[in-house]
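[1] output the structure for:
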Amino acid sequence: MKRRSLWGALLPEHWQILLAGAVFIGLYGLYALLRFVFLSWGDDSLPPDFGLSNRVLLAWMVVVFILYSAAYGLFKQLRTLRLIVILAGIFTVILLAAWPLLSADLFLYIFYPKAVLVYGDNPYLAPLVTYSHDILASSGYVIRSWLPNPLAYGPAWLLLTLPFTGWGLSGVLPAMISFKLMAAVFLGASAWLLYKILCLTNPSRANIGTALLLWSPLVLLEIVNNGHNDIVMIFFLLAALYAAARKKYFWVLPLFTLSVFVKYITLLFLPFLLYYLWQQSAKSAPARRSLLWSVAVSVALTALLFAPFWGGLGTFKGLWLFNTSVYNYKGMSLMGILAKGVYRLWPAVQDLPELYFMQLVNRAMFIGLYGALWLMFRPRSFDDLIKAWCLVMTLFITVLTVYLQSWYLVLPIVLLLLARDWPLRWTLVLTLLGLLNYFYISADLTIVFFLFLALDWYWHKFFANSNYFYGK
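    Alright, predicted model coming up:
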């Protein structure tokens, strides 16, 4: 049967996707305009006060999500991703020109490497308040409460950002565009890796899964518009998974190491990954030797990454301060809510600072539940590994997270796209919850969703033999 060219004869589903893409282009163009005209930064905190601009933005997000949900039906008919990729590229160009939404992290990304390139300091040891005269600090681009903190991200991220900051030293706007462009490139590369992994592990999901990622309004807003570095972490994580899916075990741990030293959150996945690799490599002596060499290379890579910035345990001071900061407790985790209630009702613990007590409870519960998960679920297959990581993120968001941010949901969305049995519709639910979380109206529902995911896994693993509740 002769293959029909996309450009020679557009099929009906192509025209529908073109129409949906045109509407998305108009909506993202409207967003970029609204971002400049209506929305403004608060003086001391984010987000800005609710008002007309926020109601307009909420309406915009509802419309965008409805359209995205409708496009999900079109994605099921996809025979090629070419049109999806082209339209996603247009969305990206529009969002590159828009100001970040309810997040100042992008300016923080610029500031720390600038401390290396301009001031010649080690950002793991020198807090940003040292440069209070810098335009990023004096003009309010960076939230003032961050200024006393050294760098909390890993050295792989810092080294990667040095050239992008160098290109943008002429001003804040060029640096911002440079970092957003980097995030867009890593998003495209991550989508390609997701497609390649799905082609190996679940071919029926390859097109639709990749399309859902590239057109996700939450992913586009958080990665392209806000420039969050989660996508760099996700890229290296997907690269490690791709190597694992192809049984190239030597490359898995070094790539995973790079992911960890962009953002440390993926370190929580390590025990499950090591167990999976050990089980898989047991099938042949060469594979086991390759894994052992991979461990050695990862240890050497860790030393090389930290070598230029090492200052003893003080290197991790920024990470410690970040995890002990005082937050606005809107959107706190389930365990945070419970701990806050216990603190207020139990006079015996009120001699401790409230924040300290809450963090103590959160971390103790997380360690206990993480250990229980490890005992119940040691992955022996690729799909088991993905589900184990989904459950780790469930624990992280429902127990350990003090302050739920929308971009925390990007990694779970990617993992759910890879999970064989769990429905793709769940990624739509997470997208909606992430969009609503900008307005602090979905944190509780997000916790409920992740608890449902965990209970669903537990039921099907230990009690049910059917997949009645699963769908595509």
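
[2] is it correct that Met365 is in contact with Val399?
    Yes: contact criterion Cβ atoms under 8 Å: Met365 and Val399 qualify, at 5.3 Å. C-beta: built from backbone N, CA, C; applies to glycine.

[3] out of those two, which sits in the busier spot?
    Val399 (24 against 19; other Cβ atoms under 10 Å).

[4] and the gap between that one and Gly368?
    9 Å (Cβ to Cβ, to the nearest Å).

[5] same check, this time on Ile208
    From Ile208 to Gly368 the distance is 38 Å (Cβ to Cβ).

[6] before we move on, what about Met176?
    42 Å.

[7] with adjacent residues omitted, what lies nearest to Leu18?
    Leu83 (7.0 Å; Cβ to Cβ, 6 or more residues apart in numbering).

[8] could you do Ser190 as well?
    Phe235 (4.6 Å).

[9] and for Met176?
    Leu106 (6.0 Å).

[10] same deal with Ala71?
    Leaving out its chain neighbours, Ala71 is closest to Ala20 (Cβ to Cβ, 6+ apart), at 4.9 Å.

[11] Ile208 and Gly368: which has the busier surroundings?
    More crowded of Ile208 and Gly368, by other Cβ under 10 Å: Ile208, with 21 against 11.

[12] what residues are up against Ser406?
    218, 221-222, 434-435, 437-438 (Cβ atoms under 8 Å, 6 or more residues apart in numbering).

[13] and the least confident of those residues?
    Confidence by pLDDT is poorest for Tyr438 among the contacts of Ser406, given 80.

[14] that one and Leu409: what is the separation?
    Distance from Tyr438 to Leu409, by Cβ to Cβ: 12 Å.

[15] now do the helix or strand hosting Val93: everything it contacts.
    Following DSSP states H and E, one finds Val93 within helix 82-96. By Cβ under 8 Å, 6+ apart, the list of residues contacting helix 82-96 from outside reads 6, 14, 17-18, 21, 24-25, 28-29, 31-32, 75, 78, 177, 180-181, 184, 187, 191, 210-211, 214-215, 220-221, 224-225.

[16] ok, now with 6 Å
    The contact list for helix 82-96 (Cβ atoms under 6 Å, 6 or more residues apart in numbering) reads 6, 14, 17, 21, 25, 28-29, 32, 180, 184, 211, 214, 220, 224-225.

[17] from those, list just the buried residues.
    14, 17, 21, 28-29, 32, 180, 184, 211, 214, 220, 224-225 (16 or more other Cβ atoms under 10 Å).

[18] looking at these, which is nearest Ile143?
    Asn225 (18.0 Å; Cβ to Cβ).

[19] now that closest one, nearest residue through space, not along the chain?
    Per Cβ to Cβ, 6+ apart, closest to Asn225 is Leu95, 4.4 Å.

[20] what is the burial count for the one you found?
    25.

[21] confidence score at Trp49?
    Actually, residue 49 is Asp. It isn't Trp. With respect to pLDDT, Asp49 scores 45.

[22] ugh, typo on my part, it should be Ile367
    91.

[23] that one: neighbouring residues, count only.
    13.

[24] report all helices and strands that the helix or strand hosting it contacts.
    Using DSSP H and E, Ile367 sits within helix 354-376. Contacts defined by 3 or more Cβ pairs under 6 Å, 6 or more residues apart in numbering; DSSP states H and E place helix 354-376 against helix 334-345, helix 382-395.

[25] out of those helices, nearest to Leu355?
    Using Cβ to Cβ, the nearest of those to Leu355 is helix 334-345, at 9.6 Å.

[26] the inter-axis angle of the closest one versus helix 354-376?
    Relative orientation of helix 334-345 versus helix 354-376 (axes from the mean of the first three to the mean of the last three Cα atoms, to 10 degrees): 140 degrees.

[27] avg pLDDT for helix 334-345?
    On average, helix 334-345 scores 75.

[28] next secondary structure after the helix holding Val93?
    helix 105-117.

[29] the host helix or strand of Gly318: how far from the chain's middle?
    If you go by DSSP H and E, Gly318 is part of helix 317-323. Centre-to-centre, helix 317-323 and its host chain are 19 Å apart (Cα atoms, centre = their mean, to the nearest Å).

[30] show me what that helix is in contact with.
    149-152.

[31] please redo it, this time with the cut-off set to 10 Å
    With contacts defined as Cβ atoms under 10 Å, 6 or more residues apart in numbering, helix 317-323 is touched by 112, 123-125, 127-128, 146, 148-154, 264, 311, 313-314, 359, 363, 400, 402.

[32] stretch 60-73 now?
    13, 16-17, 20-21, 23-24, 27-28, 30-31, 34, 75, 84, 208, 211-212, 215-218, 220-221, 424-425, 427-429, 431-432, 434-436, 438-439.

[33] helices - which of the contacts of helix 317-323 land there?
    112, 359, 363 (DSSP state H).

[34] now the second one: how far from Ser216?
    The gap separating Gln359 from Ser216 is 32 Å, by Cβ to Cβ.

[35] repeat that for the last one.
    Distance from Arg363 to Ser216, counting by Cβ to Cβ: 31 Å.

[36] same drill for these two, tell me which one is more crowded.
    Ser216 (25 against 14).

[37] now that one. Nearest residue, chain neighbours left out?
    In space, Ser216 is closest to Thr431, 5.5 Å off (Cβ to Cβ, 6+ apart).

[38] show me what contacts that neighbour?
    Taking Cβ under 10 Å, 6+ apart, one finds 64-65, 68-69, 72, 212, 215-219, 406, 409-410, 413 in contact with Thr431.

[39] hang on, Trp346 packs against Val361?
    No: here Trp346 lies out of contact with Val361, judged by Cβ atoms under 10 Å, at a distance of 11.1 Å.

[40] the more surrounded of these two?
    The neighbour count for Trp346 versus Val361, taken as other Cβ under 10 Å, is higher for Val361 (19 against 10).

[41] and Phe65, how far is that from Pro217?
    From Phe65 to Pro217 the distance is 6 Å (Cβ to Cβ).

[42] between those two, which contacts overlap?
    With Cβ under 10 Å, 6+ apart, Phe65 and Pro217 have common neighbours 431-432, 434-435.

[43] which among those residues gets closest to Ala339?
    Scanning the shared contacts of Phe65 and Pro217 for proximity to Ala339, where the rule is Cβ to Cβ, the winner is Gly434, at 24.3 Å.

[44] tell me how many other residues crowd the closest one.
    If we define neighbours as other Cβ under 10 Å, then Gly434 has 28 of them.

[45] check the one 3 residues further on too.
    Other residues near Asn437 come to 23 when the count uses other Cβ under 10 Å.

[46] buried ones in stretch 248-259?
    For stretch 248-259, by 16+ other Cβ under 10 Å, it's 249, 251-259.

[47] er, stretch 268-281 I mean
    268-269, 271-273, 275-277, 280-281.

[48] one more: stretch 196-213?
    196-198, 201-202, 205-213.

[49] follow-up on the earlier one: filter the contacts of stretch 60-73 down to the ones in helices?
    Per DSSP H, the contacts of stretch 60-73 map to helices at 13, 16-17, 20-21, 23-24, 27-28, 30-31, 34, 75, 84, 208, 211-212, 215, 217-218, 425, 427-429, 431-432, 434-436.

[50] only whichever of these are buried, select them in PyMOL.
    Burial among the ones in helices among the contacts of stretch 60-73 is assessed by 16+ other Cβ under 10 Å; the matching PyMOL selection reads:
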select buried, resi 13+17+20+21+24+27+28+31+75+84+208+211+212+215+217+218+427+428+429+431+432+434+435+436
